[in-house]
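Q: Below are the sequence and a predicted model; questions follow.
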Amino acid sequence: MGNKGKDKAKKIKRKRRTLGQVYFDLLEQIKKNKKAYIVYLIINTSVIFAMIRSIIEGRWENVATCLFASILLLLPPIIEKSLKINLPTTMEVVAYIFVFAVEILGEIGNYYERFPHWDTALHTLNGFMFAAFGFCLVDIFNRHERFSFKLSAGYLAFVAFCFSMTIGVLWEFFEYSADHYLGLDMQKDTVVTSFNSVYLDENKSNTPIPVNDIKYTEVVYDGDKTFIIEGGYLDIGLEDTIDDLLVNFIGAATFSLMGYVFIRFGGNSKIVENFVPVIEEDEDEAAKAALKEEETNEELEAYAEET
């Protein structure tokens, strides 16, 4: 092997060591919170078993889902290291469980079909969580010495709400793109019994024509294949999208209101406190203050004994 080949091999080796080091650094970050680390280990192990099973069954789309879930599980420590904050145990644990519920139980375990309200519950939690995350980000800026601006409680809650709704909308874009370009069905279908449409107006006067009490719909596809939809027609995602955004709205509004009350009136909401991260610098300062106070007390005791 020539010098160029050796240099290239060394660079690749260094790169691999670097990627491995990044991964282990993130694990060390998770280990700082023992409870969250235990939950992470349980869920990540379950993801690995699901991946192995998918490989054996030849379900490569499920293998990709497992890999995606493994990456998502590393987001909390990435956020902590990037922003130099410590996420509360509750927020970290809920984030791990949420990823598992969406990707492994929902997609691979088919819980979206087996349990009718599974998707609704997750989107509600999604709205609540991202409102909490948006609230925390802005609250960190409010409390950080490097930033000169201070936001009111109302504006802070409004930003948190908008942040959560933006994430919800972007997720619906992702679902539509996956369905349209990858042939998936993330936007679940709904059987609709009635609708109004100006398309049926023969006079082209923009008058909506009501169509009620639909008995069945006959779909002819691929030339001669026929499928009968009993009790209505098949809506291919609109109902699901609006329902998802509605429950996302409810979750976002709920936490934003709780956050507003917490900041505005100085309440002692355990729910909000469990989703508010701590800046590492604040912890360091608190530790230094406690140590200084302890040293002062020891000096006073020593002086008292001498006198």
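A: Structure received.
Q: remind me which residues of the stretch 1-150 of the chain are low pLDDT?
A: Across the stretch 1-150 of the chain, the ranges flagged by pLDDT under 70 are 1-17, 143-150.
Q: where along this protein do the strands fall?
A: 85-86, 190-192, 195-197, 209-211, 216-221, 225-230, 233-235, 278-279 (DSSP state E).
Q: Please identify the most buried of those.
A: strand 85-86 (a mean of 19; mean count of other Cβ atoms under 10 Å). The C-beta positions use only the backbone N, C-alpha and C, and glycine is treated the same way.
Q: Point out the other helices and strands that that one packs with.
A: strand 278-279, helix 280-306 (3 or more Cβ pairs under 8 Å, 6 or more residues apart in numbering; DSSP states H and E).
Q: Mean confidence (pLDDT) on the longest one, please.
A: When pLDDT is averaged over helix 280-306, the result is 55.
Q: what's the burial count for residue 32?
A: Residue 32 has 11 neighbours, counted by other Cβ atoms under 10 Å.
Q: What backbone torsions are found at it?
A: Note on residue 32: backbone dihedrals following degrees, to the nearest 10 are phi -60, psi -30.
Q: Would you format the strands of the chain as CSV with distance to residue 103 included?
A: Formatted as CSV, the strands of the chain follow (distance: least, Cβ to Cβ, whole Å):
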stretch, distance to residue 103
strand 85-86, 25
strand 190-192, 23
strand 195-197, 33
strand 209-211, 38
strand 216-221, 31
strand 225-230, 30
strand 233-235, 25
strand 278-279, 28
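Q: For the ones you listed, which has the smallest mean pLDDT value?
A: Minimum mean pLDDT among the strands of the chain: strand 278-279, a mean of 68.
Q: With residue 54 as the reference, measure out to residue 61.
A: Going from residue 61 to residue 54 by Cβ to Cβ, to the nearest Å gives 8 Å.
Q: These two: which has the busier surroundings?
A: Looking at residue 61 and residue 54 with other Cβ under 10 Å, you find the greater number of neighbours at residue 54, namely 18 against 11.
Q: hang on, isn't the more buried one packed against residue 66?
A: Yes. If you go by Cβ atoms under 8 Å, residue 54 and residue 66 touch, sitting 6.4 Å apart.
Q: any shared contact partners between the two?
A: Residues touching both residue 54 and residue 66 (Cβ atoms under 8 Å, 6 or more residues apart in numbering) are residue 108.
Q: rewinding a little: tell me which of the strands of the chain lies nearest to residue 161.
A: Closest to residue 161 of those, according to Cβ to Cβ: strand 85-86, at 21.2 Å.
Q: Okay, now the sheet partners of that closest one, with direction.
A: Sheet pairing of strand 85-86 (DSSP bridges) gives strand 278-279 (antiparallel).
Q: For residue 191, list each beta-bridge partner.
A: Beta-bridge partners for residue 191, by DSSP bridges, are residue 234.
Q: Hmm, residue 233 and it touching each other?
A: Yes. With contacts counted by Cβ under 8 Å, residue 191 reaches residue 233, the gap being 7.3 Å.
Q: For this protein, which segments are assigned as helices?
A: Per DSSP state H, the chain carries helices over the ranges 3-31, 34-57, 60-72, 75-83, 89-99, 111-114, 118-143, 153-182, 238-265, 270-273, 280-306.
Q: centroid residue for the protein?
A: residue 126 (6.0 Å; Cα atoms, centre = their mean).
Q: and that residue, what is it in contact with?
A: The contact partners of residue 126, by Cβ under 8 Å, 6+ apart, come to 98, 164, 167-168, 171, 248, 251.
Q: Which among the residues you listed count as buried?
A: 164, 167-168, 171, 248, 251 (16 or more other Cβ atoms under 10 Å).
Q: what would these look like in CSV with distance to residue 19 and pLDDT?
A: Shown next, in CSV, are the buried ones among the contacts of residue 126 (distance: Cβ to Cβ, whole Å; pLDDT from 0 to 100):
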residue, distance to residue 19, pLDDT
164, 32, 95
167, 28, 93
168, 32, 94
171, 28, 91
248, 35, 96
251, 35, 95
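Q: of all the residues you listed, which comes closest to residue 70?
A: Nearest to residue 70 among the buried ones among the contacts of residue 126 is residue 171, at 19.3 Å by Cβ to Cβ.
Q: Enumerate every residue touching the closest one.
A: Listed by Cβ under 8 Å, 6+ apart, the contact set of residue 171 reads 126, 244.
Q: Residue 208: neighbour count?
A: Other residues lying near residue 208 total 12 when counted by other Cβ under 10 Å.
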